[in-house]
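In: Here's my sequence, what's the structure:
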Amino acid sequence: MKRSKTQAERLLNLDRRLRNSEYPNCTSFAVDWEISTKTAQRDFDFLRDRMGAPLEYDALKRGYFYTESTFMLPAVQMNEGELAALLMGSKALEQYKGTPMAAKLASVFEKLSALLPDNITVRPEELFTRFSFTAPPAMPISSKVWNTVVQGLENHQVLEIQYRNWSGEKTARVAPVHLANLQGDWYLFVQYEGFDNFRQLALARIQSIKLLSKKTEIKGTFDPKKELANTFSRFAGENKTFPVTVQLHSEIAESVLERQWHPEQKVRNLKDGGAEISFEAKGDIEVKRWVMTYGRYAKVKSPKWLKDEIAEEVRAMLDV
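Out: Residues are numbered from 1 along each chain as shown. Modelled structure (predicted):
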């Protein structure tokens, strides 16, 4: 019968056989689990050397046994609430990340599932059918881009990238300094060769990438908290902030303000049931699009230039 080949499951089965004095050996264990004898030997070695099992070989019975009957495999104890939180969190991350990490997460939780005792009330496969997560559409990222970026960050190596933006594709050498997830999409903060400021790049817009042997030489200090401060939606970076005040109609005020749109937003309730929300932001385009999402029910009070830009956009939309 075809079995799962995760080492965690094999070790649990091997421990049970040893505890029941079945005297398993590498050959019989390999045949039963449809693995090579070398893999089986590594399982026995791992159990003895890494798990501290009192394992010895009996030449007469041609198999291994425990010299101490009281030996127990180390276990990770977890109550049902902790298990639910952990697995739900992993499922949510899979939905949002849209990166090669999703497959690695699935592998990790497969191993955790194999280590859980049989009598636990909530099993992971059952839990996943009881909860659902729907995330905003995220830009897909290739495995090569993701893995090369992570390697460059960890080893402080320069990257040569071909990047696509509104003006076309350009090739450049950059020093990666920080990776951030903003509203479900991944952004890489870099310092371009020959410059001393930091810029924000959408990871999904990197068309090709190469890891260079050259080590990064960062000018200045990158402070993630400072760079991401006053971020509205996905736009961060060094741009100067500007104060925004938007008046929300009573029909939408409550539903809109159920969400935290900005870490330092301020809300003032109005007598007619509406509300004003104020914050400082960096991305004028994103603020403009956010306001226009609510149409006539959201009006910019300040700054005037943002109000004028939205009015111009509306006129352009009507000019058909």
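In: which helices and strands sit right next to the host helix or strand of residue 227?
Out: Using DSSP states H and E, residue 227 sits in helix 224-228. Packing partners of helix 224-228 (3 or more C-beta pairs under 8 Å, 6 or more residues apart in numbering; DSSP states H and E): strand 168-182. (Each C-beta comes from the backbone N, C-alpha and C, glycine too.)
In: Let me see the mean pLDDT of the strand it packs on.
Out: When pLDDT is averaged along strand 168-182, the result is 90.
In: Tell me which helix or strand comes right after the least confident helix or strand in the chain by mean pLDDT.
Out: When each helix and strand of the chain is scored by mean pLDDT, DSSP states H and E, helix 124-130 comes last, with a mean of 54. As assigned by DSSP H and E, the chain's next helix or strand after helix 124-130 is helix 143-155.
In: tilt between that next one and strand 168-182?
Out: Orientation check (axes from the mean of the first three to the mean of the last three C-alpha atoms, to 10 degrees): helix 143-155 against strand 168-182 gives 70 degrees.
In: Could you list the low-pLDDT ranges of the stretch 51-200 of the chain?
Out: The stretch 51-200 of the chain contains residues with pLDDT under 70 at 74-138.
In: circling back to that earlier point, pull the distance from the helix holding residue 227 to the chain's centre.
Out: Computed by C-alpha atoms, centre = their mean, to the nearest Å, the chain-centroid distance of helix 224-228 equals 19 Å.
In: For it, buried residues please.
Out: Neighbour counts over helix 224-228 (16 or more other C-beta atoms under 10 Å) mark 227-228 as buried.
In: same thing with stretch 211-218?
Out: 211, 216.
In: and what of stretch 142-160?
Out: Buried residues in stretch 142-160 (16+ other C-beta under 10 Å): 142, 145-146, 148-149, 152-153, 157-160.
In: With stretch 61-74 instead?
Out: Buried residues in stretch 61-74 (16+ other C-beta under 10 Å): 63-66.
In: Also stretch 249-256?
Out: 249, 253, 256.
In: Need the contact partners of stretch 173-182.
Out: Residues outside stretch 173-182 that contact it (C-beta atoms under 8 Å, 6 or more residues apart in numbering) are 96-97, 149-150, 152-153, 158-161, 186-193, 198, 201, 203, 212, 216-218, 222, 224, 227-228, 231, 233-234, 236.
In: Pretty sure residue 210 sits against residue 148.
Out: Yes: in this structure residue 210 lies within contact range of residue 148 using C-beta atoms under 8 Å: 7.5 Å.
In: what residues are shared contacts of the two?
Out: Residues touching both residue 210 and residue 148 (C-beta under 8 Å, 6+ apart) are residue 159.
In: Could you list the domains of this structure?
Out: Domains of the chain are assigned by automatic domain parsing as 7-66, 80-130, 143-228, 242-318.
In: So residue 218, which state does it fall into?
Out: Three-state assignment for residue 218 (DSSP: H, G, I helix; E, B strand; the rest coil): coil.
In: So what does it have for phi and psi?
Out: Main-chain torsions, residue 218, degrees, to the nearest 10: phi -80, psi 130.
In: and it, what does it touch?
Out: 175, 177, 191.
In: you'd agree the last one is in a strand?
Out: In other words, residue 191. Yes: when three-state DSSP is applied, residue 191 is found to be in a strand.
In: Please report how far residue 242 lies from residue 304.
Out: 11 Å (C-beta to C-beta, to the nearest Å).
In: next one: the helix or strand where residue 44 lies to chain centre, how far?
Out: Assigned by DSSP H and E, residue 44 belongs to helix 37-49. In this view, helix 37-49 has its centroid 33 Å away from the chain centroid, taken as C-alpha atoms, centre = their mean.
In: Give me the contact list for that helix.
Out: 7, 10-11, 14-15, 26-27, 29-30, 33, 53, 55, 64.
In: Likewise for stretch 283-301?
Out: If you take C-beta under 8 Å, 6+ apart as the criterion, stretch 283-301 is touched by 231-235, 239, 242, 244-249, 251-252, 256, 261, 276, 281, 306-307, 309-310, 313-314.
In: Mark which of those are part of strands, please.
Out: Cross-referencing these against strands under DSSP state E gives 242, 244-248, 276, 281.
In: And those residues, which two are furthest apart?
Out: For these, the farthest-apart pair by C-beta to C-beta is 242 and 248; their separation is 19.2 Å.
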